[in-house]
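> here is a sequence with its predicted model. Questions after.
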Amino acid sequence: MPESRASLRGLYAITPERSDRARLLTEVDAALQGGCRLLQYRDKTSPPTERVSRAHALRALTRRYSARLLINDDLPLCRLVDADGVHLGRDDGNLKLARAILGPAAILGASCYAEPALAAAAQQAGADYVAFGAVYPSSIKPDAASATVDLFFDQKPQLTAALCAIGGITVANAPPLLAAGVDLLAVITDLFSAPDIEARAAAYQRLFEEAQS
């Protein structure tokens with residue numbers, strides 16, 4: 001069965017660009033120690049052989065913590081390292097084809113920017129979660145479309161896919177998103193630039209626990 005909304009909930013860590021592989025793995029390990037159980041490997045700069053090596057290392061690390069690994073925009077790499085799923089942007093591949101190749105148990109995510117029509121189409125194509133953003137100004141994608149908190153309020157009853165928020169998210173500005181029904185908080189900078197990554201990951205997880213209670 002595809003992933004239900006209930007099973008996709010919590011901090012969704014996305015790897016930062018790091019030239020130092022050892023540093024990257026140390027940082028990811030800290031996030032996993034802090035309770036993060038969903039990781040996306042995103043790497044736009046490393047050579048292909050290095051990306052494969054890092055993906056294998058991250059696959060081993062996530063398994064150690066019983067966490068799930070998704071690959072950004074690279075279906076062949078996802079299959080090569082036996083990752084748990086893939087995240088695709090608008091121009092990064094066909095969602096229906098990805099679902100057919102990966103099978104029903106894989107996690108399939110889609111970038112939907114600030115466009116409800118894309119989310120509806122992604123869900124129809126088999127996406128388990130749809131990502132809207134940037135919800136706040138983002139240093140990673142400064143020109144990204146703006147997805148307001150109201151968008152999540154509007155889309156929650158329309159979709160069975162989990163709702164993922166991305167872009168400029170911090171522990172301080174995340175609560176309104178959770179109140180709007182967001183299931184996943186996709187975070188790069190506020191997590192991996194924190195002085196204590198483990199503690200920051202734990203703080204995000206607490207936000208979900210508090211919202212649920």
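Ah, there it is.

> all contacts plus neighbour counts: C-alpha atoms, from now on.
OK.

> now do the helices in the protein.
Residue ranges of the helices in the chain, as given by DSSP state H, are 21-33, 48-64, 75-80, 95-102, 116-125, 149-155, 175-179, 189-192, 197-212.

> alpha carbons only: can I get the fourth one in CSV?
Which is helix 95-102. Written as CSV, here are the backbone C-alpha positions of helix 95-102 (Å, rounded to 0.1, in the frame of the first residue of the first chain):
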residue,chain,number,x,y,z
LEU,A,95,5.4,10.6,-11.5
LYS,A,96,3.3,7.8,-13.0
LEU,A,97,6.4,6.2,-14.5
ALA,A,98,8.3,6.5,-11.2
ARG,A,99,5.4,4.8,-9.4
ALA,A,100,5.3,2.0,-11.9
ILE,A,101,9.1,1.4,-11.7
LEU,A,102,9.4,1.7,-7.9
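
> buried residues of it, list them for me.
95, 98, 99, 102 (16 or more other CA atoms under 10 Å).

> distance of the third one relative to residue 112?
In other words, residue 99. Using CA to CA, to the nearest Å, residue 99 is found at 17 Å from residue 112.

> and residue 144, by the same measure?
In terms of CA to CA, residue 144 sits 11 Å off from residue 112.

> quick one: distance of the strand of greatest length in the chain to the chain centre.
Identified as the longest strand of the chain according to DSSP state E is strand 107-113. Mean-position distance between strand 107-113 and its chain equals 9 Å (CA atoms, centre = their mean, to the nearest Å).

> repeat that for stretch 194-204.
17 Å.

> that one - what's its average pLDDT?
Mean per-residue pLDDT for stretch 194-204: 98.

> how about stretch 110-120?
Per-residue pLDDT values over stretch 110-120 give a mean of 96.

> export it as PDB, just CAs?
The C-alpha trace of stretch 110-120 is given here as PDB (Å, rounded to 0.1, in the frame of the first residue of the first chain):
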ATOM      1  CA  ALA A 110       6.300  15.800  -5.700                       C
ATOM      2  CA  SER A 111       7.200  19.500  -5.700                       C
ATOM      3  CA  CYS A 112       4.000  21.500  -6.300                       C
ATOM      4  CA  TYR A 113       5.300  25.000  -5.600                       C
ATOM      5  CA  ALA A 114       2.200  27.100  -4.900                       C
ATOM      6  CA  GLU A 115      -0.100  25.400  -7.400                       C
ATOM      7  CA  PRO A 116      -3.000  23.300  -6.200                       C
ATOM      8  CA  ALA A 117      -3.600  21.900  -9.700                       C
ATOM      9  CA  LEU A 118      -0.100  20.300  -9.600                       C
ATOM     10  CA  ALA A 119      -0.900  18.800  -6.300                       C
ATOM     11  CA  ALA A 120      -4.100  17.200  -7.500                       C
END
